[in-house]
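**Q** could you work out the structure for the sequence below:
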Amino acid sequence: MEYFLSLFQTNPVETFAYFFIFIFIVTLLLSLVSFLADYKSKKDTSQKIKNFNRSLKDLVEEFRTFELLFSEQKKIIDDHRFHLNRIEQEISRLADSLNNETNITKAINLAKEGLGVDEISSKTGIPAEEVEPIVKYHGVSVNTDS
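**A** Predicted structure coming up:
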C-alpha cells in the first residue's frame, strides 16, 4: 500500500495521468471484447433464425404437399363412396325385385291352387289390385263343358 502512496507522492500528476490512461485502455479493451462477443452471439443467433426460417419454409411446403395429397385422396374416396352407394342401391333394387318375383311366383302357385284374391293378397303381401290379374290368368278355371 505504501508503494501506491509513494507513486502519488513523488509525481502525483504524472501518476494520475498514467493511472487514468491505464484505466481508459483497460475499459476500451473490455468494451471491445464485449462488443466482439456480443457481435458473435448476435451473428450466431441470426444464423440460427435464418436456418429456422428455412426449415419452417420447408415444413410449410411439406404440409402443402400433404394437403394436395389428402385432397386427391378425398376425391378418390368420394368417388368410391359414390360407387358404393350406387352398388348398394342396385343390390337393394335387385333384392326387392327378387323378393317381389318370389311373391309373384307364390301368388301364381296359390292362384293355381284355387285361392281367392283376398287370401293370396294376405299371404303374399301383394296388393289386391295386383293379385286380381294373376288370379284371372292363372286361377283355376271351371270347365263348363260337362
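**Q** and the residue lying farthest from the centre of the chain, how far from S41?
**A** Centroid-distance maximum for the chain: T10 at 87.3 Å, with Cα atoms, centre = their mean. Note on T10: its distance to S41, by Cβ to Cβ, to the nearest Å, is 45 Å. All C-beta atoms are positioned from the backbone trio N, CA, C, and that covers glycine.
**Q** C-terminal to the host helix or strand of E119, what's the next element?
**A** Per DSSP states H and E: E119 is located in helix 117-124. Note on helix 117-124: by DSSP H and E, the next helix or strand toward the C-terminus is helix 128-138.
**Q** what sits up against that following helix?
**A** Residues from elsewhere that reach helix 128-138, judged by Cβ atoms under 8 Å, 6 or more residues apart in numbering: I104, A107, I108, A111, K112, G116, V117, D118, I120, S121, T124.
**Q** drop anything exposed from those.
**A** Buried members of the contacts of helix 128-138, scored by 16 or more other Cβ atoms under 10 Å, are A107, I108, A111, V117, I120, S121, T124.
**Q** ranges for the helices of this structure?
**A** Using DSSP state H, the helices found in the chain span residues 2-10, 12-113, 117-124, 128-138.
**Q** give me the distance between A111 and N103.
**A** 12 Å.
**Q** check P127 too.
**A** Note on P127: its distance to N103, by Cβ to Cβ, is 11 Å.
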